[in-house]
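Turn this into a model:
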Amino acid sequence: MVRLLRPFGRAVTYTRLLHLFVTVVWPAMLIFIQEAWWIWALAAATLVPAGLVPAMRTVEGLQARLLLTGHRHDSDSAGIVVAPSASWADRWRLVLWLEARFLLGCSSVALIAQLLFTVTDLVSAAVTSRAGGGVVPPFGPALAWRILLVPVLLAVLAATVWGAGRLITALAVRLLGPSPAERLAALEERTEQLLERTRIARELHDSIGHALTVAVLQAGAARAADDPAFTRRALDAIEETGRAALEDLERVLGVLRDSGKPADSRPTLTDAGRLLESARASGAEVDADLTGSLEGVPGPVSREGYRILQESLTNVLRHAGPVPARVRVSVEGAVLRLDVRNPLPADTPVPGRGSGLRGMHERAALLGGRVSAGPVGEDWRVHVELPVT
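Numbering: from 1, shown residues only. A predicted model of the protein is given here:
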């Protein structure tokens, strides 16, 4: 019983009823001018040109969001669009909505009014009979019939209010909801947002992860060496790496604050020397060979190539430690190739497919390239090919 009465404790049940009443207010005003059936037909016909006005969709959408769903008018979670009609299909859907709302509103209001009048008449007749002012004797069969019929009519009235509200809300979601083109546009926008979030996550992982790896290795090496001169060099390397990481962090946060901020300030392969020196300062023996015109590599390819190289060197330091590493970066025709090799000590587990390797594959896939990473003999090899056209 409590479950059946629960909808009538919610405000949205009554705002839906108000939405239906608003539908018949202006046609009902015309009845005072002339009471005729064609008044209602004229009102229904007037809705056709009104629905073809693009701005009418905004008006109806705002009403539906506020009165039918219980959401705020600026909420996007209601499933109802408030943008003007962008196509003829949207306009005709709005016309269908206006006509359906008008028909349902008129029939619902008429039924509710009739039920209210009937209940009022029954109660009035029952009270009159019990007071002895009517022709029916007090507590007679007719009086009992009236008393028993009132709860039934009230239940029908409640069901009508609840059912009409649910039906008009379902129609609003169906006819005022996004069109297929709008759903596709929203899906594309959501995809762009997810890609941007993934890109930012990769940026933070690569830059901050590299800086922390270098700092940890430098600190550990300085403590083990117990040499003041080496400790100073290690602190200098930690300071430089930390400063670079702070610059990357500030740039990424700037992109988050301003979505229109360009990404041109991101490092490219022309800045690869900084990565190599950072790895050497951490104790790794890096044999680097950079050939080809790196300045001519397009910005997106060069930036992603820099991050892939950074993550590869970070993995060398993190999983293998200060071991010899060979780095080859070359531009051959329309392909940028990156190759990083390092020996795998026997007591070091083979790197798994964590977020770093997954980030490499994602970066390469976005550019139409490919990444292969895995053991080759006694070495761990990362080989990347990116198209530069």
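
any chance you could map the helices in the stretch 251-389 of the chain?
Assigned by DSSP state H, counting those that start in this stretch, the helices in the stretch 251-389 of the chain fall at 272-281, 299-315, 355-366.

One more: the stretch 101-250 of the chain?
For the stretch 101-250 of the chain, the helices defined by DSSP H, counting those that start in this stretch cover 141-175, 180-225, 228-257.

now those as CSV including distance to Leu96?
Bear in mind the C-beta positions are built from the backbone N, C-alpha and C, glycine included. As requested, these are arranged in CSV below (distance: least, CB to CB, whole Å):
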stretch, distance to Leu96
helix 141-175, 6
helix 180-225, 16
helix 228-257, 43
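
export these to JSON lines and tack on mean neighbour count and distance to Glu277?
What follows is the helices of the stretch 101-250 of the chain, written out as JSON lines (neighbours: other CB atoms under 10 Å; distance: least, CB to CB, whole Å):
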{"stretch": "helix 141-175", "mean neighbour count": "15", "distance to Glu277": "60"}
{"stretch": "helix 180-225", "mean neighbour count": "15", "distance to Glu277": "11"}
{"stretch": "helix 228-257", "mean neighbour count": "15", "distance to Glu277": "8"}
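
ok, back up a step: between the helices of the stretch 251-389 of the chain, which one is nearest to Thr389?
Thr389 sits nearest to helix 299-315 of all those, at 9.2 Å, using CB to CB.

among the helices of the stretch 251-389 of the chain, which is nearest Ala237?
Taking CB to CB, helix 272-281 is the member of those nearest to Ala237, at 3.8 Å.

Quick check: the closest residue to Phe8 other than its chain neighbours vs Leu167, distance?
Take Phe8 and drop its neighbours on the chain: the residue closest to it by CB to CB, 6 or more residues apart in numbering is Ala158, 6.8 Å away. The gap separating Ala158 from Leu167 is 15 Å, by CB to CB, to the nearest Å.

Could you do Met56 as well?
Applying CB to CB, the value for Met56 to Leu167 is 22 Å.

what sits up against stretch 49-58?
Residues from elsewhere that reach stretch 49-58, judged by CB atoms under 8 Å, 6 or more residues apart in numbering: 81-86, 90-92, 94-98, 176.

is it true that Gly79 lies in a helix?
No - counting by DSSP: H, G, I helix; E, B strand; the rest coil, Gly79 is located in no helix; its state is coil.

Let me see the contact set for it.
Here Gly79 is in contact with 69, 173, 177-178 (CB under 8 Å, 6+ apart).

how about the residues you listed in a markdown table, adding distance to Leu103 and pLDDT?
Formatted as a markdown table, the contacts of Gly79 follow (distance: CB to CB, whole Å; pLDDT from 0 to 100):
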| residue | distance to Leu103 | pLDDT |
| --- | --- | --- |
| Thr69 | 21 | 83 |
| Val173 | 18 | 88 |
| Gly177 | 20 | 85 |
| Pro178 | 24 | 86 |
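
Between those residues, identify the one with the most neighbours.
Thr69 (19 neighbours; other CB atoms under 10 Å).

who's in contact with that residue?
12, 78-80, 169, 172.

so which helix or strand takes in Leu62?
Using DSSP states H and E, Leu62 maps to helix 55-63.

tell me the angle that helix makes with helix 141-175.
Helix 55-63 runs at 130 degrees relative to helix 141-175, counting by axes from the mean of the first three to the mean of the last three CA atoms, to 10 degrees.

in helix 55-63, what's buried?
56-57, 60-61, 63 (16 or more other CB atoms under 10 Å).

nearest to Phe21, of these?
Closest approach between the buried residues of helix 55-63 and Phe21, by CB to CB: Gln63, at 12.3 Å.

Please report how far that closest one lies from Ser293.
Using CB to CB, we find Gln63 at a distance of 62 Å from Ser293.

could the contacts of Thr69 go into JSON lines alongside distance to Leu104?
What follows is the contacts of Thr69, written out as JSON lines (distance: CB to CB, whole Å):
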{"residue": "Val12", "distance to Leu104": "17"}
{"residue": "Ala78", "distance to Leu104": "19"}
{"residue": "Gly79", "distance to Leu104": "19"}
{"residue": "Ile80", "distance to Leu104": "17"}
{"residue": "Thr169", "distance to Leu104": "11"}
{"residue": "Ala172", "distance to Leu104": "11"}
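
which of the residues you listed lies closest to Pro27?
Set against Pro27, the nearest of the contacts of Thr69 by CB to CB is Ala172 (19.8 Å).

ok, the closest one touching Leu68?
Yes - Ala172 is in contact with Leu68 according to CB atoms under 8 Å; the separation is 5.3 Å.

For the two, list the residues in contact with both.
Common neighbours of Ala172 and Leu68 (CB under 8 Å, 6+ apart) are Ile80.

per-domain residue ranges of this protein.
2-178, 200-387 (automatic domain parsing).

Of those domains, which is nearest Arg190?
Arg190 lies closest, by CB to CB, to one member of these: domain 2-178, at 11.3 Å.
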